[in-house]
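J.: Would you be able to build a 3D model of this:
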Amino acid sequence: MSTEAQQLPRKINAGETFLRIVSWIKNRAVKDKMPGIIVGVSGTDSLVVFLAAYAAFRELGRPQAVMAVNFVHPGTLQKTVISCAADSDKGWFAEHIMPWLQQVAPDAAYSLDDSIPFSDDNKRWGNIFSRAISDTELNHGMLGKYRLVAGTRNRTEAVLGTYTLLSRSPSLQPIEHLYKTQILDICGYLNVPPIAMQKSREVDCDCGRFEVQANHLDALDHYIMVQQGDLGPAYLDAMDADVLAAVRNFYIEERENNAFREKIPYRPTPTKTVYAGSDIRTALQGVAGDTAVLKAVSVVAPRILVDHDAAAAHKIVTAASPNRQDWQAEAFALMGTKGLSDVQTREMAAAVFGSEAAALDDAQLSALAAITSRIGLAGFSFPAKRFTTQGFAGGPSLIERAGFTRQSRDSDLRDAGLSKSNPQRDELGTGFTWTDGAWHVEQRRAYVLFSDLSAEAPVTLIIRNSSYYFGRDRLKNAAYVSFDKKSAQELLALTAADIDNPQHFTPWQNAPEAGEKLSRAASALDALDAIDYKFSQWLRTRKGSVKFKSPFPALDGLFNNGGGLNHLRALLKEKLVQHINDERAASPLYIAQLDPGHAAPWQPHCICPVTADTLAQLKSAQDGVAIRDDKLRKLFQPVGARQLVLISGKYGDFPAG
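T.: Okay, the predicted model is just below:
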């Protein structure tokens, strides 16, 4: 694709797009045994939905199962079936469009209704839903002639939130993926009478269409496309400045005013009863030896931790299991479930560590459980690290620009001939290291490593990437520890066999140490956290040294080669362009903030999608201008030790499911 084409709005194939809507409705109708469809028709959106539904049911041999209802103002309806009185402005659809519909869709059912005054949209929706089930008997249920209500919301309305709450109630939304201008393209393909397209570009307060939508419909759609990642940010550079200001202000105002619509109905945090049944039972099947459903443990573990379900955590971890090593990481993480009693913690520790844990007192056991949980959560943190290790803009990765060194070793790859997206390509993956003489740190695809190289209190902690996609099968155990002195050269030469060799490293579950050695392991975790937090501060910093208070003097020289905000913005810009240009791409990146001590990228404290507007605001921040968006501003205002990460899921990157 050329550079110019990247910056132009994609033109849809109107005919093919319409046929795909027809096919989708037809397939849903067959699969779900739809008896029929009813559509409230009033303009271009509803015309596309109605005609697609009619075409779908005509192919099924039941065109009469589709019904169109048009509401006109009381007193304007005459006795003739489809004509309106003198108030032609209010009755244009009934006067000009309904006759045309009867010609192109002759076998459908039609109705004009003048019973509802004042364009009361809520009553109109109620009327349509009442009609949908009018062929029912109170005592015997449906007679088979009822219809499902089809919604007519387009993507422009969905993004702006300019729709009524009852419009969220229909059973199907066939055009919610199409922008308003694309709907008009389809209407052109369908030879819809021009008056319908003309009305779509006129102010109509009853329909919620105001001056900006009427006068700048194309520009508004293009602006929204940029915000949604469907159009390159550079497209806005060519837009008239006054028009751009108008659509930007309208977009911001509507998004702010209607933000609640995306969140309703408001619900409390899911309670234990949401998943304590089938999901827990499936997880227990997995730990009992059913490898086909073992991933259920990964699915349910984040929910247990978020909901503080101590009973579920205890039940899973203490269950008899012949395959405990296969779900060590989840067991480790669940050791930190809030609300566990001392007795529950002791029983879980016995299941994880064996009889050695019995010798520890309650305080020692509590400390061991806390560290073990942090190790388990760190094993699930790798999705939040992968974007920082990817090169961009023809240069090195973020972590290299921050001060780490890329390593190249024989243990990196299994098959260099495979694509980088293939998980079988890497053995342990490329590593990035930082050594200052006292510490050696490595972030690698298969593991993260911290080593205190001193002779006085040596400790090396290795935490495996416990993702099912990559990492879990590269090392046998979720974490390893050694309290012997290591050298940086020795650590750089590590292979999987070396790490799994008990003469070099002890699996964490076999080393339930108390006292001074446990403190060393805790210090290693604290150091890894401090590095992550300082890196986050570097990403937030415009220029100069990173302002970060750390209990570790060794970190004073790390990430002090200028600010990272401009580098972060360059990475995000490249990722956004890749997303725009690749029609197969998943949802765009998200910038998120994790609470202190919660390394796993679940339930972020704050999250914001990467859009063209995000990049524009970060560019302004680089120039010293305050960030406008509340969420984005919170992300880039350091609070405590909150970590800034990049993730690919709106609600976080979960280990499975």
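J.: Extract the C-alpha set from stretch 569-579 and format it as PDB.
T.: What follows is stretch 569-579 as a C-alpha-only set of coordinates in PDB (Å, rounded to 0.1, in the frame of the first residue of the first chain):
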ATOM      1  CA  ARG A 569       5.200   8.200  21.200                       C
ATOM      2  CA  ALA A 570       7.300   7.000  18.100                       C
ATOM      3  CA  LEU A 571       6.600   3.400  19.000                       C
ATOM      4  CA  LEU A 572       2.900   4.000  19.500                       C
ATOM      5  CA  LYS A 573       2.600   5.900  16.200                       C
ATOM      6  CA  GLU A 574       4.200   3.000  14.300                       C
ATOM      7  CA  LYS A 575       1.900   0.400  16.000                       C
ATOM      8  CA  LEU A 576      -1.100   2.500  15.200                       C
ATOM      9  CA  VAL A 577      -0.200   2.800  11.600                       C
ATOM     10  CA  GLN A 578       0.400  -1.000  11.400                       C
ATOM     11  CA  HIS A 579      -3.100  -1.500  12.900                       C
END
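J.: What are the boundaries of the helices in the stretch 251-400 of the chain?
T.: For the stretch 251-400 of the chain, applying DSSP state H, counting those that start in this stretch gives helices covering 278-287, 295-307, 310-317, 328-334, 342-353, 362-378, 398-402.
J.: just checking, what packs against the helix or strand harbouring residue 593?
T.: For residue 593, the enclosing helix or strand under DSSP states H and E is strand 590-594. Secondary-structure packing of strand 590-594 (3 or more Cβ pairs under 8 Å, 6 or more residues apart in numbering; DSSP states H and E): strand 606-609, helix 630-635, strand 643-647. C-betas here are computed from N, CA, C, even on glycine.
J.: how about whichever helix or strand comes after the shortest one: buried residues?
T.: Which is strand 606-609. Once the chain leaves strand 606-609, the next helix or strand it forms, by DSSP H and E, is helix 612-622. Within helix 612-622, the residues that count as buried by 16 or more other Cβ atoms under 10 Å are 612, 613, 614, 615, 616, 617, 618, 621.
J.: Can you name the residues that contact the second one?
T.: Meaning residue 613. Under the criterion of Cβ atoms under 8 Å, 6 or more residues apart in numbering, the neighbours of residue 613 are 226, 227, 629.
J.: Same list, those residues, but as JSON lines with neighbour count and distance to residue 171 please.
T.: JSON lines is the format used below for these (neighbours: other Cβ atoms under 10 Å; distance: Cβ to Cβ, whole Å):
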{"residue": "226", "neighbour count": "25", "distance to residue 171": "32"}
{"residue": "227", "neighbour count": "20", "distance to residue 171": "29"}
{"residue": "629", "neighbour count": "16", "distance to residue 171": "35"}
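J.: Just give me the closest of these to residue 438.
T.: Nearest to residue 438, judged by Cβ to Cβ, of these is residue 629 at 41.1 Å.
J.: Look up how far residue 591 lies from the closest one.
T.: As defined by Cβ to Cβ, to the nearest Å, residue 629 lies at a distance of 11 Å from residue 591.
J.: what's the answer for residue 27, then?
T.: Separation of residue 27 from residue 591 (Cβ to Cβ) stands at 37 Å.
J.: what about the two, which has more around it?
T.: Each of residue 27 and residue 591 has its neighbours counted (other Cβ atoms under 10 Å); residue 591 has more, 23 against 11.
J.: Low-confidence stretches in the stretch 551-657 of the chain?
T.: Residues of the stretch 551-657 of the chain that meet the criterion pLDDT under 70 lie in 551, 581-588, 595-599, 638-641, 657.
J.: how does it look with 80?
T.: Per-residue confidence for the stretch 551-657 of the chain (pLDDT under 80) gives these ranges: 551-562, 578-588, 595-605, 637-642, 649-657.
J.: could you point out which element follows the lowest-mean-pLDDT helix or strand in the chain?
T.: Each helix and strand of the chain was given a mean pLDDT (mean pLDDT, DSSP states H and E); the minimum falls on helix 3-6 at a mean of 36. Following helix 3-6 in sequence order, the next helix or strand is helix 14-31 (DSSP H and E).
J.: quick one: contacts of that following helix?
T.: With Cβ under 8 Å, 6+ apart as the test, helix 14-31 has contacts from 34, 37, 48, 51-53, 55-57, 59-60, 172, 174-175, 178, 182, 185-186, 188-190.
J.: Pull the distance from that helix to the chain's centre.
T.: Distance of helix 14-31 from its chain centroid, counting by Cα atoms, centre = their mean, to the nearest Å, is 27 Å.
J.: Between the contacts of residue 613, which sits nearest residue 469?
T.: Looking at these and their distance to residue 469, the nearest is residue 227, at 29.7 Å (Cβ to Cβ).
J.: ok now do the residue nearest to that closest one when sequence neighbours are not counted, which residues does it touch?
T.: Beyond its immediate neighbours in the sequence, the residue positioned closest to residue 227 (Cβ to Cβ, 6 or more residues apart in numbering) is residue 611, lying 4.8 Å away. Applying Cβ under 8 Å, 6+ apart, one finds that residue 611 lies in contact with 226, 227, 228, 229, 576, 588.
J.: For residue 611, give its distance to residue 631.
T.: Plainly put, residue 611 is 12 Å away from residue 631 if you go by Cβ to Cβ.
J.: can you check residue 379 too?
T.: As defined by Cβ to Cβ, residue 379 lies at a distance of 28 Å from residue 631.
J.: Is residue 93 in contact with residue 41, as I believe?
T.: Yes: assessed by Cβ atoms under 8 Å, residue 93 is found in contact with residue 41 at 7.1 Å.
J.: Which neighbours do these two have in common?
T.: When contacts are counted by Cβ under 8 Å, 6+ apart, the set common to residue 93 and residue 41 consists of residue 70.
J.: returning to what we had before: can you tell me how far the residue nearest to residue 227 is from residue 12?
T.: In this structure, residue 611 and residue 12 are 21 Å apart, going by Cβ to Cβ.
J.: Same question for residue 334.
T.: As it turns out, when the distance is counted by Cβ to Cβ, residue 334 lies 48 Å from residue 12.
J.: Between these two, tell me which one has more neighbours.
T.: The neighbour comparison of residue 334 against residue 12 (other Cβ under 10 Å) goes to residue 334, with 28 against 17.
J.: number of nearby residues for the closest residue to the more buried one other than its chain neighbours?
T.: By the measure of Cβ to Cβ, 6+ apart, the closest residue to residue 334 outside its immediate chain neighbours is residue 313, 4.2 Å from it. In terms of burial, residue 313 registers 27 neighbours under the definition other Cβ under 10 Å.
J.: Which strands or helices does the strand or helix carrying residue 580 pack on?
T.: In the assignment (DSSP H and E), residue 580 maps to helix 565-581. Helix 565-581 is packed against helix 3-6, helix 398-402, helix 516-540, helix 612-622, with contacts defined by 3+ Cβ pairs under 8 Å, 6+ apart.
J.: now stretch 343-353, how far from the chain's geometric center?
T.: Per Cα atoms, centre = their mean, the centroid offset for stretch 343-353 relative to its chain is 35 Å.
J.: quick one: buried residues of it?
T.: By neighbour count with 16+ other Cβ under 10 Å, stretch 343-353 contains the buried residues 344, 345, 346, 347, 348, 349, 350, 351, 352, 353.
J.: surely the third one meets residue 357?
T.: Yes: in this structure, residue 346 is within contact of residue 357 by Cβ under 8 Å, at 7.4 Å.
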